[in-house]
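S.K.: Build me a structure from this.
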Amino acid sequence: MMETYEQQTKDSNIIFTQITSADFTLDEAKRAIVMLYIPDMSVSRAGISHALKRLEQYYEREGG
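M.R.: Numbering: from 1, shown residues only. Model (predicted):
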């Protein structure tokens, strides 16, 4: 299945918002993504990858 840029962006935004709304460390956030989003075939793989990169930058800035 070909993922559109819009789908990737939408998925990344959903994941990023949900994870940063919780009180996770970066390691916990990564585990949550593996458990919640990777098995869900309706979520684009590129969106997950993009969200992970954004989360790493976010946690680096936040010091956690």
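S.K.: okay, CA-based contacts and neighbour counts for the rest of this
M.R.: Fine.
S.K.: By residue count, what's the longest helix in the protein?
M.R.: With secondary structure taken from DSSP state H, the chain has its longest helix at helix 45-62.
S.K.: Return the set of buried residues in that one.
M.R.: 45-52, 54-56 (16 or more other Cα atoms under 10 Å).
S.K.: next one: stretch 17-31
M.R.: Residues of stretch 17-31 classed as buried by neighbour count (16+ other Cα under 10 Å): 19, 26, 29-30.
S.K.: In PDB, list the C-alpha atoms belonging to it.
M.R.: The C-alpha trace of stretch 17-31 is given here as PDB (Å, rounded to 0.1, in the frame of the first residue of the first chain):
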ATOM      1  CA  THR A  17       0.200  14.300  20.400                       C
ATOM      2  CA  GLN A  18      -1.000  11.200  22.200                       C
ATOM      3  CA  ILE A  19       2.500  10.200  23.500                       C
ATOM      4  CA  THR A  20       3.500  13.700  24.600                       C
ATOM      5  CA  SER A  21       0.200  14.100  26.400                       C
ATOM      6  CA  ALA A  22       1.100  11.200  28.700                       C
ATOM      7  CA  ASP A  23       3.800  11.200  31.400                       C
ATOM      8  CA  PHE A  24       6.300   9.000  29.600                       C
ATOM      9  CA  THR A  25      10.100   8.900  29.500                       C
ATOM     10  CA  LEU A  26      11.600   8.500  26.000                       C
ATOM     11  CA  ASP A  27      12.100   4.800  26.600                       C
ATOM     12  CA  GLU A  28       8.500   4.300  27.800                       C
ATOM     13  CA  ALA A  29       7.300   6.300  24.800                       C
ATOM     14  CA  LYS A  30       9.200   4.100  22.400                       C
ATOM     15  CA  ARG A  31       7.800   1.000  24.100                       C
END
